[in-house]
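>>> Okay, predicted coordinates and the sequence, questions at the end:
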Amino acid sequence: LDTYNENIRIFGLNLICNNSPGDTSSYRTGLRGKIGFGFVKNVILDSIYVNDIPSSTYFIHIAQYDNVLIQNCHIEGNKDGIHSAGGNHLTIRNCYFKTQDDPIALNCQDYPSSIPYYS
């Protein structure tokens with residue numbers, strides 16, 4: 001069984017991707033975000049800015065979560081801004097999106113390469 005990490009807060013992050021996928025591997029197969037969380041509770045992402053998400057990765061990828069707040073964010077680029085892969089109590093407010101794919105993707109079942117809890 002996976003252990004949940006709790007009480008995580010990121011405030012005021014400005015991320016520059018330089019349109020490079022970088023290392024898309026993670027500690028867990030299927031977690032493909034520049035900012036990625038799997039098995040978390042009580043997360044706040046506030047005042048996050050990016051304007052160049054590459055086409056190979058999501059920006060925020062979150063899976064198996066409970067109680068997540070994403071607010072006051074500016075997200076632009078070529079892939080999903082926020083990609084959810086199953087969880088409970090997700091609030092997204094006061095965010096600006098300009099993406100070439102889904103600004104917000106709420107997925108219960110997705111491609112296996114995008115679902116960390118199937119790995």
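Perfect, thanks for sending it. Numbers count the residues shown, from 1 in each chain.

>>> any chance you could map the strands in the chain?
Using DSSP state E, the strands of the chain run over 5-11, 33-46, 49-53, 58-71, 74-77, 82-93, 96-99, 104-107.

>>> Any chance of those in CSV with mean neighbour count, mean pLDDT and distance to Cys17 as columns?
Backbone N, C-alpha and C define where each C-beta goes, glycine included. Formatted as CSV, the strands of the chain follow (neighbours: other Cβ atoms under 10 Å; pLDDT from 0 to 100; distance: least, Cβ to Cβ, whole Å):
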stretch, mean neighbour count, mean pLDDT, distance to Cys17
strand 5-11, 12, 97, 16
strand 33-46, 19, 93, 6
strand 49-53, 18, 94, 5
strand 58-71, 22, 93, 8
strand 74-77, 20, 95, 7
strand 82-93, 18, 92, 15
strand 96-99, 15, 96, 13
strand 104-107, 16, 88, 18
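
>>> Now render these as TSV, adding distance to Asn18.
Formatted as TSV, these follow (distance: least, Cβ to Cβ, whole Å):
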stretch	distance to Asn18
strand 5-11	20
strand 33-46	11
strand 49-53	7
strand 58-71	14
strand 74-77	11
strand 82-93	21
strand 96-99	17
strand 104-107	23
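
>>> Can you check which of the ones you listed gets nearest to Ser20?
strand 49-53 (9.1 Å; Cβ to Cβ).
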